[in-house]
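Chemist: this one's sequence-less:
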């Protein structure tokens, strides 16, 4: 287990390095001329050349990458070209906002998803099961930003119940923050809930038909205990992995959801940087999002090992 | 060289080989069709038909302005209302179905064209080739999917084909994995032994012996990939990195209607509904086909 953890951590680091190279190369393939962008209307070929030299943009790509990467490792993410401010503080602020959103959504999914799935499995073929599958199909049938739009229409436009944009004023209190979170969190969870509940349902159904559950029932154990103590524990194992995979999905979803709710998080910052072709900001945002994704996958794998003592991380795990 | 013929394959391992009973045969023998197939099939058929006939049945061109009829609510003249330029939303929906099916189709075909041979080869060869291919795909899957697509789309000017290709490449690992796992199951089948004993060449075994037995599973996977492609394409259009205006792309239409949700909700709601029906139709079709084709489920 210890060795496995070290190996997985190593693999995650390699992936981060590869991604940083990819990000670096991709952003350098952009048609944007950084020097021309900084100089704006005062740009002449001579001043461009001089600035490129000053910024090290005329060095070989490998050297440029090395310089950039070593600065990033020291926590220096550089300056935003468009906003002309250091990136790090603004990035971490946005990161915090996104983290609040993601963690709230994940918490809702982790609690409600398996619950729905278990109810559907235990009441298989009856109305709760059918209701859950209708809900599932609705959840996965349109991209999440569409539900966001519908929620905005209903709760913002028609009912005027909840704020539909932003993350609230700083210092407006916890209630204000929560009010701003409700709609984005619901939007983010709909698709994931469908996914998680569906998976829990099928693995729960499988466990309920297993011999050990039959044996427990044959021994006269109350159904409640059979479900809770026996079936549920085993049925939840695959759910853990899926929850972690969904975290990656969540990162994708967050970009669209933050855009539609004008929520000032990392996703919106990324889209902003892509639209304005703000290279340093783009690099930093993608790098941070990828790192989070890698860590989530890593955590999932390790968590799975802890939760499932049958797994021995020795040979190839397929 | 003599191939070992002594290995006895277990009944469970030979089972998947029977999926080779092709789709029509699997359907003919049935007294009852799964309801998912009966609902999903017609929906998809209707969609394909509408997309194919869009040019003939659409009342208006997708980009024709009717300045005096801006924001007209749904009526007999404007079946799904008009948008902020007075364009007929219904006509745009019809043309949009072409884009969605094209995007889904191209992405899915591309992921199959790359993923299936990789999976077949990895599953057949095992050993080093398998390890190398699967680890490379692992690396690909380790990146947040949307980031890869955004990177590709940002670097070069946007177009439908490129969006489709980016999404297709993204789905390659999933396709290869499914193909590989089915191939591994099939490898112990006697028909593979027989082909080896006949001294057939690698590509003959892969394409003529293995592939026909793998494809029922691939159909199901393809329906999932198609759904994924349509939804991802919509997100990309919504973010402004996919299909560009004035194309009648559904994701783009939803995005454009955002500003008017309070006054003219149909501009966004109609394409969302169309997309929902498409995705549900394709998913149901996939679920239904799986019930018909997958022997593990068929038995139940």
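Modeler: Yep, it's here. Please read all numbers here as calculations on a predicted model, not as lab measurements.

Chemist: in the chain, where is pLDDT below threshold?
Modeler: Defaulting to chain A. Counting by pLDDT under 70, the low-confidence segments of chain A come to A:1, A:30-34, A:37, A:40-41, A:157-158, A:160, A:167-172, A:245, A:307-318.

Chemist: think we crossed wires, I meant chain B
Modeler: Scanning chain B for pLDDT under 70 picks out B:1-32, B:294-300.

Chemist: point to the residue nearest the middle of chain A.
Modeler: Centroid check for chain A by C-alpha atoms, centre = their mean gives residue A:251 as the closest residue, at 2.5 Å.

Chemist: wasn't that residue part of a helix?
Modeler: Yes: according to DSSP: H, G, I helix; E, B strand; the rest coil, residue A:251 belongs to a helix.

Chemist: report the buried residues of the helix or strand hosting residue A:196.
Modeler: Remark: residue A:196 resides in helix A:174-208, with elements defined by DSSP states H and E. By 16 or more other C-beta atoms under 10 Å in any protein chain shown, the buried positions in helix A:174-208 come out as A:180-181, A:183-201, A:203-205, A:207-208. Using the backbone N, CA and C atoms, a C-beta is placed for each residue, glycine as well.

Chemist: now do the contacts for the residue of chain B found nearest chain A.
Modeler: Going by C-beta to the nearest C-beta, chain A is nearest to residue B:146 of chain B, at 3.7 Å. Contacts of residue B:146 were listed using C-beta atoms under 8 Å, 6 or more residues apart in numbering or on different chains, and they are A:251, A:252, A:255, B:232, B:235.

Chemist: contacts only, for the third one.
Modeler: Spelled out, it's residue A:255. A:267, A:268, A:270, A:271, B:146, B:235, B:239.

Chemist: just the fourth one next, same as before
Modeler: Neighbour list for residue B:232: B:145, B:146, B:149, B:167, B:170 [criterion: C-beta under 8 Å, 6+ apart].

Chemist: which of those fall within helices?
Modeler: Per DSSP state H, helices hold the following members of the contacts of residue B:232: B:145, B:146, B:149, B:167, B:170.

Chemist: how about the helices in the chain?
Modeler: Since you didn't name a chain, this refers to chain A. Assigned by DSSP H, chain A shows helices spanning A:2-28, A:34-39, A:45-55, A:61-73, A:87-122, A:127-141, A:144-151, A:174-208, A:211-218, A:223-225, A:232-260, A:266-276, A:279-307.

Chemist: hmm, no, I was thinking of chain B.
Modeler: Taking DSSP H as the criterion, chain B carries its helices at B:11-14, B:23-28, B:35-57, B:89-125, B:127-141, B:145-155, B:160-170, B:172-186, B:190-197, B:202-204, B:211-239, B:250-256, B:266-293, B:295-298.

Chemist: what's the most buried one of those helices?
Modeler: The highest mean neighbour count among those, using mean count of other C-beta atoms under 10 Å in any protein chain shown, belongs to helix B:250-256: a mean of 26.

Chemist: who does that helix touch, helix- and strand-wise?
Modeler: helix A:144-151, helix B:89-125, helix B:211-239, helix B:266-293 (3 or more C-beta pairs under 8 Å, 6 or more residues apart in numbering or on different chains; DSSP states H and E).

Chemist: now with 10 Å?
Modeler: For helix B:250-256, the packing partners by 3 or more C-beta pairs under 10 Å, 6 or more residues apart in numbering or on different chains; DSSP states H and E come out as helix A:144-151, helix A:232-260, helix B:89-125, helix B:211-239, helix B:266-293.

Chemist: what sits against the residue nearest to residue A:136 when sequence neighbours are not counted?
Modeler: Closest residue to residue A:136 apart from its sequence neighbours, by C-beta to C-beta, 6 or more residues apart in numbering or on different chains: residue A:194 at 4.3 Å. Residue A:194 makes contacts with A:109, A:113, A:116, A:132, A:133, A:135, A:136, A:137, A:138, A:139, A:140, A:141, as judged by C-beta atoms under 10 Å, 6 or more residues apart in numbering or on different chains.

Chemist: isn't residue A:13 right next to residue A:290, touching?
Modeler: No: assessed by C-beta atoms under 10 Å, residue A:13 is found out of contact with residue A:290, at 11.9 Å.

Chemist: separation between residue A:179 and chain B?
Modeler: Per C-beta to the nearest C-beta, to the nearest Å, residue A:179 is found 20 Å from chain B.

Chemist: surely that residue touches residue A:163?
Modeler: Yes: Residue A:179 is within contact range of residue A:163, at 5.7 Å (criterion: C-beta under 10 Å).

Chemist: near chain B, which residues of the stretch 201-318 of chain A?
Modeler: Applying C-beta under 10 Å from any C-beta of the partner chain, we find that the stretch 201-318 of chain A lies next to chain B at A:245, A:247-256, A:259-260, A:267, A:270-271, A:273-275, A:277, A:282, A:285-287, A:289-294, A:296-298, A:316, A:318.

Chemist: ok, now with 7 Å
Modeler: Counting by C-beta under 7 Å from any C-beta of the partner chain, the stretch 201-318 of chain A comes close to chain B at A:248, A:251-252, A:255-256, A:259, A:271, A:274-275, A:286, A:289-290, A:293-294, A:297.

Chemist: lovely, talk soon.
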